[in-house]
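# Below are the sequence and a predicted model for it; my questions follow.
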Amino acid sequence: MRNKDVSFWLFLSPVLAALGLVVLIPLIVGVFYSFTDWNGLGFSQFIGLDHYARLLGDERFLSSLWFTIQFAFVTVIVLNVMGLGLALLVTQKLKSSNLLRTIFFMPNLIGGLILGFIWQFIFISVFGDLSGILGIEGLNGWLTTSTTGFWGLVILTSWQLAGYIMIIYIAYLQSIPEELLEAAKVDGANPFQRFRSVTFPLVAPAFTVSMFLTLSTAFKIYDQNLSLTNGGPFNSTEMVAMNIVYTAFSSNEMAYGQAKAVIFFLFVAVIAVTQVYYNKKKEVDM
Amino acid sequence: MKKRMSVLAGVSLSSAVLLSACGGNEESGASENGSSNSSSSEDTVTIEIFQGKVEFRDQFLELAERYQEENPDVQIEFSAVGGGSDYFTSLRSRFSSGDEPDVFSLAGPSELEDYVDYVEDLSDMEVTEAALEGTLDGITQDETVYGIPFNQEGYGFIYNKAVFEEAGVDAESIQSYADLEEAVQTLDEQKEELGIEGVFALPGAEAWVMGNHLANVYLQGEFNGDVMEAYESPSVSFEEGDQFQQMLDLQQEYSIQPVLNMDYSQQVEQYFSLGSAAVIQQGDWIYPTLQQMDPEFADNNVGIMSIPLEGEEGKVPVGVPNYWVINKNSDAEVVEASKDFFNWMYTSEEGIEVVQELLNFIPAHENFDPEAIASSLSRDIYEKSLEGETIGWAFLGYPTAWGDDLGAYTQEYMAGEREWQEVEEAAIAEWEERRQ
């Protein structure tokens, strides 16, 4: 093949080298360290699968994993519904659609850490004041329970990422040929039927992409978690990424944290690949 | 021909990337060598200091400058990385990448354990002899002293003097728990007139406030107030657990609500410095913050009283949060220069003067003048420490991260999801597991 000559690989080599240096090698080294008693400075012995065995009995890790799964499940649904909804809204022939697109996309431009602090202020101070004015008790004391902490994180993440997912859906919505929709209209399909039977199947590839993005992001979230709740109250809103950082840098168990990270990597990889595989099967070609 | 060109282009491109990556290192290596070469020719020594207190950075740079004025043959480079775990993360990565600083700071026995192979024995230094009693415990291993205490810090109940006066409560007379409870109730009854939202502001979101500081008051007795005893203890028994619970209950009940999402900055800035809370459990490190908010208030209106503990009434927990250590792998002349610098800083008349002028902290060495400390909180605590009216900071000898866990259990207790008995049991089990 023309592609496989020497120059092809040579041109590729800068990227391959960069990828290898910052992704591949650290991954291999990390897996290696997870079998040792590495403390960040050095290691003295191999301990085989001890860390992995210990993981199974680590309640804090397991509960953070369960919290993350719940979070990812809810966030993926909310994000895709919101993203598609917003995309449908701004692809209608509205005068303000360009302005709206910008506005919906804007939260995505702000860093997660800052957003976390902004929402912390909203949940604690604004909600607290609102509860005083409106007399709704449920608005008081947000982030003091694990339930409000959970929903706080969902709201924050959805608000931040919905605009980004919206852009992906817009791209696919705009690529749907007008004729198809018109033909359906002529055949007497109402707007809902047109959406369900024409638009929806044709944006299925967007679902593959968006779900992959939302799923992997929801699992890996750290900065929002750190600034909004910092795992509190009593570590009940601690997600896996945060648990790994805590293990490695606060408890100083670098190798154990590394083992957690390896398991987490496999977990997310398996879920993401499965999801892409199934979604791909459902896509239709025009 | 075309093919050869593209091969050439590819090679040069990829090698350019790789070379530039390596080049960075070589260059910085060269410049380091260069500077040390040129410095040895001019007989100057460069000390590279790395530490974790960003808030002292400017003052410290000035301190270093003053030293350099007198000692032109010494060049001090100072870098700081922000608070807590971030600092230890970057310290660790600097050591594992071989870019070791000459002088850095460590927090206590567990960090010393990690770095003991890297740090110089400082037992014979002048500054070590000048250190106040007990301030070296946390950095001593097998009778060898490895560090220089940075400063001392103390904590207790910091109160708003004006509010206390208006309510007719005399803070000086509060000694026992019963006294405190009575005072708190008096304040609580007059909440409206005093214009406060709550007597306390308990930052329930900060695990360390309960797990490290409050718990220490009731746990340090088990270890005779000694960091090292705590560090070596295989277990903990919560002998004074009831008092701990009582104090936590009192603070929670009379605190501004909700407690569990309140953090440090809300406690200190939003509530205490603006006068919405009368008492907070904090330490003298809040002084710069208070001063930024309202210098008048910080200088005249805040006092500190002890957290009541049966049998140890009136005593304030005082400890050393950070130690300077010297990297023994550095060049011999750098090690010597570093020693001279710290001797100057903490023992010479001039050094002491500069330190007192620039760094607003409680000294851990003798010959400092209590009157010269600008912060009234620090002054009160230093006087207490000279009188021996202190208890130790055993929490620096907790098993790693145990304080966070205890803090989390107390949060569960405050949320009503865990009985006190279970808090103690879980914390004891955790301690024993980590000490195996």
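Yep, that arrived. Numbering: from 1, shown residues only, chains lettered A, B, ... in the order given.
# drop to CA atoms for contacts and neighbour counts, all remaining ones
Will do.
# As a check, name the ranges of all strands in the stretch 51-200 of chain B.
For the stretch 51-200 of chain B, applying DSSP state E, counting those that start in this stretch gives strands covering B:74-80, B:103-106, B:140-141, B:144-145, B:148-149, B:153-160, B:198-200.
# deepest of those strands, which one?
strand B:148-149 (a mean of 29; mean count of other Cα atoms under 10 Å in any protein chain shown).
# Each with direction, which strands does that one pair with?
strand B:323-326 (antiparallel) (DSSP bridges).
# Can you list the low-confidence ranges for the chain?
Answering for chain A, as no chain was given. For chain A, the stretches with pLDDT under 70 are A:1-3, A:284-286.
# Correction: the question concerned chain B.
Within chain B, the ranges that satisfy pLDDT under 70 run B:1-42, B:55, B:82-85.
# Can you show me the helices along the stretch 1-150 of chain A?
A:6-19, A:25-33, A:50-56, A:59-91, A:97-105, A:112-121, A:127-134, A:146-174 (DSSP state H, counting those that start in this stretch).
# wait, what's in contact with the residue of the stretch 51-200 of chain B found nearest chain A?
Chain A sits closest to B:Ser96 of the stretch 51-200 of chain B, with a gap of 5.4 Å, by Cα to the nearest Cα. Contacts for B:Ser96 (Cα atoms under 8 Å, 6 or more residues apart in numbering or on different chains) come out as A:40-42.
# Neighbours of the residue of the stretch 101-250 of chain B found nearest chain A, how many?
Closest residue of the stretch 101-250 of chain B to chain A, Cα to the nearest Cα: B:Ala205 (6.5 Å). B:Ala205 has 25 neighbouring residues, counting by other Cα atoms under 10 Å in any protein chain shown.
# SS state for it?
coil (DSSP: H, G, I helix; E, B strand; the rest coil).
# And the one 3 residues further on, by the same measure?
B:Trp208 carries the three-state label helix when classified by three-state DSSP.
# Would you confirm that it contacts B:Asp405?
No: judged on Cα atoms under 8 Å, B:Trp208 makes no contact with B:Asp405 at a distance of 9.2 Å.
# Now do the same contact list for residue 206.
This is for chain A. A:Ala206 neighbours (Cα under 8 Å, 6+ apart): A:168-169, A:172.
# not quite, I wanted chain B
B:Glu206 neighbours (Cα under 8 Å, 6+ apart): B:262-264, B:407.
# Which of those sits closest to A:Val273?
Minimum distance to A:Val273 across those is 39.1 Å, recorded for B:Gly407 (Cα to Cα).
# which element is the closest one on?
For B:Gly407, the enclosing helix or strand under DSSP states H and E is helix B:402-414.
# In terms of secondary structure, what does that helix contact?
Helices and strands touching helix B:402-414, by 3 or more Cα pairs under 8 Å, 6 or more residues apart in numbering or on different chains; DSSP states H and E, are helix B:207-208, helix B:420-434.
# Redo those helices as TSV? Include mean neighbour count and distance to A:Leu202.
TSV is the format used below for the helices and strands packed on helix B:402-414 (neighbours: other Cα atoms under 10 Å in any protein chain shown; distance: least, Cα to Cα, whole Å):
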stretch	mean neighbour count	distance to A:Leu202
helix B:207-208	23	51
helix B:420-434	16	55
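# out of those helices, nearest to A:Ser7?
Nearest to A:Ser7, of those and by Cα to Cα, is helix B:420-434 at 56.2 Å.
# angle of that closest one against helix B:402-414?
Interaxial angle, helix B:420-434 versus helix B:402-414 (axes from the mean of the first three to the mean of the last three Cα atoms, to 10 degrees): 160 degrees.
# who's in contact with helix B:420-434?
In contact with helix B:420-434 (Cα under 8 Å, 6+ apart) are residues B:234-238, B:241, B:245, B:399-400, B:402, B:405-406, B:409-410, B:413.
# Could I get the contacting residues of whichever residue of chain B sits closest to chain A?
At 4.2 Å from chain A, B:Ala408 is the closest residue in chain B, using Cα to the nearest Cα. By Cα under 8 Å, 6+ apart, the residues touching B:Ala408 are A:233-235, B:207, B:211.
# mind checking the SS state of the residue of the stretch 101-250 of chain A at minimum distance from chain B?
Proximity of the stretch 101-250 of chain A to chain B (Cα to the nearest Cα) peaks at A:Phe234, 4.2 Å away. Following three-state DSSP, we place A:Phe234 in the coil state.
# Hmm, it is touching B:Met414, no?
No: applying Cα under 8 Å as the test, A:Phe234 and B:Met414 come out as separate, 9.9 Å apart.
# Neighbour count for these two, which is higher?
The residue with more neighbours, out of A:Phe234 and B:Met414, is A:Phe234; 28 against 21, by other Cα under 10 Å.
# picking that back up, can you tell me which of the contacts of helix B:420-434 is nearest B:Tyr115?
B:Thr400 (15.0 Å).
# Which residue is the nearest non-sequential neighbour of that closest one?
Nearest-residue entry for B:Thr400: A:Ser251, 5.6 Å, with adjacent residues in sequence omitted and distances by Cα to Cα, 6 or more residues apart in numbering or on different chains.
# What residues does the stretch 1-150 of chain A have near chain B?
A:6-7, A:10-11, A:13-14, A:17, A:40-42, A:124, A:141-145 (Cα under 8 Å from any Cα of the partner chain).
# Which one of these sits in the busiest neighbourhood?
A:Leu143 (26 neighbours).
# Touching, that residue and A:Pro233? I think so.
Yes: between A:Leu143 and A:Pro233 there is a contact under Cα under 8 Å: 7.3 Å.
# So for these two, which residues contact both of them?
In contact with both A:Leu143 and A:Pro233: B:260-261, using Cα under 8 Å, 6+ apart.
# Which positions within the helix or strand hosting A:Leu180 qualify as buried?
If you go by DSSP H and E, A:Leu180 is part of helix A:178-186. Going by neighbour count (16 or more other Cα atoms under 10 Å in any protein chain shown), the buried part of helix A:178-186 is A:181, A:184.
# Which positions within whatever helix or strand comes next after it qualify as buried?
Of the helices and strands lying after helix A:178-186 in sequence (DSSP H and E), the nearest is helix A:191-194. Buried residues in helix A:191-194, counted by 16+ other Cα under 10 Å: A:Arg194.
# Residues contacting helix A:191-194, please?
A:181, A:184-185.
# So which residues on the stretch 151-286 of chain A come close to chain B?
Within reach of chain B by Cα under 8 Å from any Cα, the stretch 151-286 of chain A has these residues: A:232-235, A:249-252.
# Near B:Gly303, how many other residues are there?
Neighbour tally, B:Gly303, other Cα under 10 Å: 20.
# One more: B:Asp102?
22.
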